[in-house]
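Student: curious how this folds, go ahead:
(one chain, ligands or ions: 1)
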Amino acid sequence: MARITFIQPDGTRQAFESGEDETVMLVGVRHNVPRLPADCGGQLACASCMVDVPEPWRERVGGPGLDEGDMIEDALGARPVGRRLSCQIRITDALDGLEVALPEAQG
Ligand code: FES
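Tutor: Modelled structure (predicted):
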């Protein structure tokens, strides 16, 4: 389990404990975090679960996989540094304390 903080564009912060074997997206959706529709339910098919990982966490979280990176680029026309699909970030104990920022708009 890990504590995950979601930060809205206006600076509003919400922190939640993850369950067993969850992704960042599942934690956010379970708590109705705004700006996180996650339309495809984690099937890597919608790009509506994007988050920005702050610099201090990027190494631990890792970068997007090949298909994930392509999906971000298809949605945005670019691959912003730190941008991830939260359904592809599986939570481990090493991510306890992770903060992610919600973008103004999803793909
Ligand atoms: S929930 Fe659809 S790609 Fe993440």
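
Student: CA only for contacts and neighbour counts going forward, please
Tutor: OK.

Student: and the spatially most central residue of the chain, backbone torsions?
Tutor: Nearest to the centroid of the C-alpha atoms of the chain, with distances taken as CA atoms, centre = their mean, sits residue 86, at 2.7 Å. Main-chain torsions, residue 86, degrees, to the nearest 10: phi -70, psi -20.

Student: grab the longest helix from the chain for me.
Tutor: Secondary structure of the chain per DSSP state H: the longest helix is helix 66-76.

Student: gap between the residue nearest to the centre of the chain and residue 28?
Tutor: 9 Å (CA to CA, to the nearest Å).

Student: can you check residue 82 too?
Tutor: Distance, residue 82 to residue 28, by CA to CA: 18 Å.

Student: if you count surrounding residues, which of those two has more?
Tutor: residue 28 (25 against 19; other CA atoms under 10 Å).

Student: got the CA coordinates for the helix or strand that contains that one in CSV?
Tutor: In this structure, residue 28 sits in helix 24-30 according to DSSP states H and E. Written as CSV, here are the backbone C-alpha positions of helix 24-30 (Å, rounded to 0.1, in the frame of the first residue of the first chain):
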residue,chain,number,x,y,z
VAL,A,24,-2.7,5.2,-9.8
MET,A,25,-5.8,5.5,-12.0
LEU,A,26,-7.8,3.0,-10.0
VAL,A,27,-7.1,4.9,-6.7
GLY,A,28,-8.2,8.2,-8.3
VAL,A,29,-11.3,6.7,-9.9
ARG,A,30,-12.3,4.9,-6.7
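
Student: buried ones in it, by neighbour count?
Tutor: Within helix 24-30, the residues scored as buried using 16 or more other CA atoms under 10 Å are 24-29.

Student: any idea how far the residue of the chain most remote from its centre is from residue 103?
Tutor: The outermost residue of the chain, judged against the average C-alpha position, is residue 77 (18.6 Å), by CA atoms, centre = their mean. Distance of residue 77 to residue 103, given as CA to CA: 15 Å.

Student: now swap in residue 35 and tell me
Tutor: Taking CA to CA, one finds residue 35 at 8 Å from residue 103.
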